[in-house]
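>>> Have a look; sequence and predicted model below, questions after that.
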Amino acid sequence: MDAHREPANRPLPLVPLRPGRCWCPTGDPDARRVREPLARELSRVLERFAAEAGATHDRPIAVELRPGVLGHHRVGRAADLYGVAEIGLAEWKRRWDRALRAAALAPDRDAARLVLARARRTNLGWRLYRALQCYGRWAQPYGYPIQLFGPWTRDEGPWRFIGDKLLHAHRDHIHVAL
């Protein structure tokens, strides 16, 4: 047997998500412990997100993790992100929806574009979801959607045909899994 491989029936050890240069994990310490491949992928994406959002080593962006509702976090296969920059994702989603309504009511297309451009620049919850969508390599088990769910799933994807029950379960957080 290869010394670097673990037996199939032995779970991978959990490692803590460590702060990056531009972001730091907050929330439940147990929820910050995941399998090493997930920790590496999530850290890579969160670092890019935070840097693009203007965070620095001196002013990192906090990303809050908590245990999820479906239990995959217990074995470290998934992480559930509930907040960014000390604001819950449900609040970021409410702000996003208000911006969409304001854009729809704008007097012309240019005004609508300005409203949406500002929302894309300032809404860190939406930016976090988009970074996870665009930069992450999440699991997609055969016959199942890509393992990225959150309040923006129906609008942004990557799997838009999410059921109402699954969407409701992820209305206040983002779930990612490897």
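Alright, I've got the coordinates. Numbers count the residues shown, from 1 in each chain.

>>> ranges for the strands of this structure?
For the chain, the strands defined by DSSP state E cover 14-16, 23-27, 33-35, 61-65, 78-84, 87-88, 148-149, 174-177.

>>> packing partners for the second one?
Meaning strand 23-27. helix 36-52, strand 61-65, strand 78-84 (3 or more C-beta pairs under 8 Å, 6 or more residues apart in numbering; DSSP states H and E). Any C-beta I mention is one placed from the backbone N, CA and C, and that applies to glycine too.

>>> before we move on, what about the first one?
Using 3+ C-beta pairs under 8 Å, 6+ apart as the contact definition, the elements that strand 14-16 packs against are strand 33-35, helix 36-52.

>>> Packing partners of the worst-scoring helix or strand of the chain on mean pLDDT?
Within the chain, no helix or strand scores below helix 164-169, which has a mean of 86 by mean pLDDT, DSSP states H and E. Applying 3+ C-beta pairs under 8 Å, 6+ apart, we find helix 164-169 packed against strand 148-149.

>>> buried stuff in the least confident helix or strand of the chain?
Ala169 (16 or more other C-beta atoms under 10 Å).

>>> Then stretch 76-89?
76-85, 89.

>>> repeat for stretch 89-104
For stretch 89-104, by 16+ other C-beta under 10 Å, it's 89, 92-93, 95-96, 99, 103.

>>> Ok, stretch 33-48 next?
Result for stretch 33-48 [16+ other C-beta under 10 Å]: buried residues 33-35, 38-39, 41-43, 45-48.

>>> can those residues go into CSV with extra columns for distance to Leu166 and pLDDT?
Output for these, formatted as CSV (distance: C-beta to C-beta, whole Å; pLDDT from 0 to 100):
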residue, distance to Leu166, pLDDT
Arg33, 25, 93
Val34, 21, 92
Arg35, 22, 93
Leu38, 20, 94
Ala39, 25, 96
Glu41, 22, 97
Leu42, 21, 97
Ser43, 26, 98
Val45, 22, 98
Leu46, 23, 98
Glu47, 28, 98
Arg48, 27, 98
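
>>> Going by distance to Val63, which of these wins?
Leu46 (5.9 Å; C-beta to C-beta).

>>> Distance check, that closest one against Leu105.
34 Å (C-beta to C-beta, to the nearest Å).

>>> Could you do Arg44 as well?
Taking C-beta to C-beta, one finds Arg44 at 39 Å from Leu105.

>>> Tell me which of the helices and strands packed on strand 14-16 sits nearest to Arg118.
With distances scored as C-beta to C-beta, the stretch of the helices and strands packed on strand 14-16 nearest to Arg118 is helix 36-52 (16.3 Å).
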